[in-house]
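**Student:** have a look; sequence and predicted model below, questions after that.
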Amino acid sequence: MAFEGILFDVDGVLVDSPHERAWRETLEELMQGPWRDIAGRSRYTPTGFDTAVYLAEVAGKPREDGARSALEYFGVPDAAGLAAEYATRKQAKIVGLIQEGAFEAFPDALRFVLAMRDMGLPMAVASSSRNANELLARIVVPEPMPGIRPDPLGKEPGTTLVDLFDANVCGRTFPRGKPHPDIFLAAAAELGVRPEGALVVEDATAGIQAAKAGGMHALGVARLGDEELLWAAGADLVVQSLDEVDRDALARGTLARGRKAA
């Protein structure tokens, strides 16, 4: 059975965003400033908030859920009560980083999205981040791109990444965040595809779990060396780059690794 549509997460899949940096720097500023007394009663150290902690505790989750999870990981007293302040300060930090242009699209993701569009597959973006749309709208899609036929968009120059998708549920509030499937079920419904016909492209374990909980296929993108975590979460295929996905097999409804497309 061929895939009916593709649902993409944004951070870590389409865009190399400054989210991890924002979470880390915000917590360090809090612990060195207004939370100085709290720091001494926790397990927090500046070097302890590494990529592994970000992936396990924060990535893919709604903002305040991620904040609470990180604080609980470091044994911060009253983590639930402090999560809102942490999340709010992190949001201010990432807004500044976005305005500075501290992000870029992954070239392999641009190639993959354009190839899927060229195949005629409906596509949606589904990120719990309220910053996702601004990131996508600031990325102008270059034309032509290596490995893609000339002018795949049929649009005027200046097309941005957000323009490439047929549905967009980024930043919406759902009763339950990932690893629950609500956001992906909504995206599939807006595309008009059945959950079992949807392919979710994710880089976070919570996102893979959400896809599988919704009865969908899941493609994991391990950009940070976390292949084992994504396999353990239930991914049907894990790649380090979307160039590794066999596009002919995908067009037939199969997830397989092929030679790099570009």
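**Tutor:** All right, it came through fine.

**Student:** count the residues that sit near residue 19.
**Tutor:** In terms of burial, residue 19 registers 27 neighbours under the definition other Cβ atoms under 10 Å. Glycine gets a C-beta too; all of them are placed from N, C-alpha and C.

**Student:** could you check how many residues crowd around the residue nearest to it when sequence neighbours are not counted?
**Tutor:** Leaving aside its chain neighbours, residue 19 sits nearest to residue 11 (5.2 Å; criterion: Cβ to Cβ, 6 or more residues apart in numbering). Around residue 11 sit 23 other residues, with neighbours defined as other Cβ under 10 Å.

**Student:** next one: residue 11 from residue 35, what distance?
**Tutor:** In this structure, residue 11 and residue 35 are separated by 25 Å, where distance is defined by Cβ to Cβ, to the nearest Å.

**Student:** equivalent analysis for residue 251, please.
**Tutor:** Plainly put, residue 251 is 52 Å away from residue 35 if you go by Cβ to Cβ.

**Student:** if you count what's nearby, which of those two comes out ahead?
**Tutor:** Set residue 251 next to residue 35 and count neighbours by other Cβ under 10 Å: residue 35 wins out with 20 against 15.

**Student:** in contact with that one, which residues?
**Tutor:** Contact partners of residue 35, counting by Cβ atoms under 8 Å, 6 or more residues apart in numbering, are 76, 82.

**Student:** tell me the pLDDT at it?
**Tutor:** What the model reports for residue 35 is a pLDDT of 96.

**Student:** for it, phi and psi?
**Tutor:** phi -100, psi 20 (degrees, to the nearest 10).

**Student:** pull the number of nearby residues for the nearest residue to residue 224 once chain neighbours are set aside.
**Tutor:** The spatial neighbour of residue 224 that comes closest, neighbours along the chain excluded (Cβ to Cβ, 6+ apart), is residue 51 at 5.4 Å. In terms of burial, residue 51 registers 13 neighbours under the definition other Cβ under 10 Å.

**Student:** residue 61 now?
**Tutor:** Here the neighbour count serves as a burial measure; for residue 61 (other Cβ under 10 Å) it reads 21.

**Student:** on the three-state scheme, it is what?
**Tutor:** Reducing the assignment to helix, strand or coil with DSSP: H, G, I helix; E, B strand; the rest coil, the entry for residue 61 is coil.

**Student:** repeat that for residue 238.
**Tutor:** Going by three-state DSSP, the state assigned to residue 238 is strand.
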